[in-house]
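Enquirer: Here you go, sequence then predicted model.
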Amino acid sequence: MKWFGLLLIIAVITTGCGDTKKSDAEFTETVYEPVHAVGFEIKATPDPDDSSRLLVTRSAWQGDGAARTSIVVDGTPAERIVAMSSSHVAMLDALGVSDRIVGVSGKGFLSTPSVVTRIDEIADVGYDGNIDYEKLISVRPDIILLYGVNGASSMESKLRELGIPFVYIGDYMEETPLGKAEWLRFLAEIVGKQQLADSLMSEVSQRYADLVSLVSGVDRRPSVMLNMPVGDQWYLPTPGGYMPRMINDAGGRYMFESDDPRTSVPVDFETAYSMLSGADLWLNPGGASDLTSIAVLAPKLAGMPAVADGKVFNNNARLTPGGGNDFWESSAVHPDIVLADLISIIHPELLPDRELYYFRRLQ
């Protein structure tokens, strides 16, 4: 089986495992310094004729800020890729290489048009913990794009045994919108699309900055509440998280105040109820598809002012027949579109003729 020039099968550096042909210490030159992302770095050796690169991920999953993984690539682009997250699919599409995807996890949930049109050619290898390794081997992948949730993927040991290279893509761990998008540059190093990634990031960053400038002079910041309770707990992102930052950039005021270092924390129902009762807008109310379903899912919330005023919006405007949601697939690549949606919701007077893309008003 031919690997595409990977010199080092992914290694969790803190454990010192992995088969190395070059040590990390040889890579002393910074190739790319992330502007917004904090979860990766790209390095080279001092030898100008050496095209190999060290790709390092930091805090690759929740709960372990010390988690660090690395892989060395020799500059030969990967041609056969298995993407275990739908956001990886969207990134590969943005880089113009979705045709290199030979395997995914949950292909019935995908919405990226360039992938859906050839979905029968793509293998569904299963989910972490229930992987069809025979099918995975049969597609002859050059590399597997993994993600961790509360720890390393359970696929690691088997992939090492099979000798299949893998790398963690940690976009979801980034707390800033442009930080998530900047993982395009990390992935570009694997597929040989560095210049395109630089161009895309420049364009997205500029559009995002222009939108922030648009709301910079607003006189009023409407208050915004997020999410839906699960039982007696209401999980809310802390103010430094992705969506609260976007709400702030869109000229809104996020209701929840906290100095908790975690990205999301459980809040008791009564406290969250009080916040929602004073909110001008309610975003992302769980699985609610309309205002009536709110009364079914959480009867106590049916009389909230935001509900009575029709100021409830959910990020489920782009659902797939299989039950997928394009927000979780492509929004990380398009933070400017998400921001434009939020401005249209929070300050509709600033973008009066724009139709929502990821969000929709619940009726």
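Expert: Sure, I can see it. In this text the structure is predicted, and so the values were computed from the model without any measurement.
Enquirer: Look up which helix or strand Val267 falls in, please.
Expert: Secondary structure assignment for Val267, by DSSP states H and E: strand 264-268.
Enquirer: next helix or strand past that strand?
Expert: According to DSSP H and E, the helix or strand after strand 264-268 is helix 269-277.
Enquirer: which residues touch that following helix?
Expert: 225, 229, 232-234, 236, 255-256, 282, 300-301, 304-306 (Cβ atoms under 8 Å, 6 or more residues apart in numbering). (C-beta placed from N, C-alpha, C; glycine too.)
Enquirer: can you do 7 Å?
Expert: Outside helix 269-277, the residues within contact range by Cβ atoms under 7 Å, 6 or more residues apart in numbering are 225, 229, 232, 234, 236, 255-256, 282, 300-301, 304-306.
Enquirer: Repeat that for stretch 138-150.
Expert: 1, 3-4, 6, 60-63, 78-85, 88, 102-103, 123, 153, 155, 159, 164-169, 172, 190.
Enquirer: Need the CA coordinates for that stretch. CSV is fine.
Expert: Provided in CSV are the C-alpha atoms of stretch 138-150 (Å, rounded to 0.1, in the frame of the first residue of the first chain):
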residue,chain,number,x,y,z
SER,A,138,-10.5,-1.3,0.6
VAL,A,139,-10.6,2.4,-0.4
ARG,A,140,-6.8,2.6,0.0
PRO,A,141,-6.7,5.9,1.9
ASP,A,142,-3.5,8.0,1.9
ILE,A,143,-4.6,9.6,5.1
ILE,A,144,-7.5,9.7,7.6
LEU,A,145,-8.8,13.0,9.0
LEU,A,146,-9.8,12.4,12.6
TYR,A,147,-11.2,14.5,15.5
GLY,A,148,-11.3,13.9,19.2
VAL,A,149,-14.2,14.8,21.6
ASN,A,150,-13.2,14.1,25.2
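Enquirer: Would you mark the buried spots in it?
Expert: Buried residues in stretch 138-150, defined by neighbour count with 16 or more other Cβ atoms under 10 Å: 139, 141-148.
Enquirer: Next, format those as JSON lines and append distance to Arg354, pLDDT and secondary structure.
Expert: As requested, these are exported to JSON lines (distance: Cβ to Cβ, whole Å; pLDDT from 0 to 100; DSSP: H, G, I helix; E, B strand; the rest coil):
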{"residue": "Val139", "distance to Arg354": "41", "pLDDT": "97", "secondary structure": "coil"}
{"residue": "Pro141", "distance to Arg354": "40", "pLDDT": "97", "secondary structure": "coil"}
{"residue": "Asp142", "distance to Arg354": "41", "pLDDT": "96", "secondary structure": "coil"}
{"residue": "Ile143", "distance to Arg354": "39", "pLDDT": "96", "secondary structure": "strand"}
{"residue": "Ile144", "distance to Arg354": "39", "pLDDT": "96", "secondary structure": "strand"}
{"residue": "Leu145", "distance to Arg354": "33", "pLDDT": "96", "secondary structure": "strand"}
{"residue": "Leu146", "distance to Arg354": "37", "pLDDT": "93", "secondary structure": "strand"}
{"residue": "Tyr147", "distance to Arg354": "32", "pLDDT": "87", "secondary structure": "coil"}
{"residue": "Gly148", "distance to Arg354": "36", "pLDDT": "80", "secondary structure": "coil"}
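Enquirer: Least confident secondary structure element in this structure?
Expert: Each helix and strand of the chain was given a mean pLDDT (mean pLDDT, DSSP states H and E); the minimum falls on strand 6-12 at a mean of 39.
Enquirer: OK, contacts around the residue nearest in space to the middle of the chain?
Expert: The residue lying closest to the centre of the chain (Cα atoms, centre = their mean) is Tyr172, at 3.8 Å. The contact partners of Tyr172, by Cβ under 7 Å, 6+ apart, come to 87, 147.
Enquirer: wait, doesn't Pro229 sit right on Ala298?
Expert: Yes. Look at Pro229 against Ala298 with Cβ atoms under 7 Å: they come within range, at 5.9 Å.
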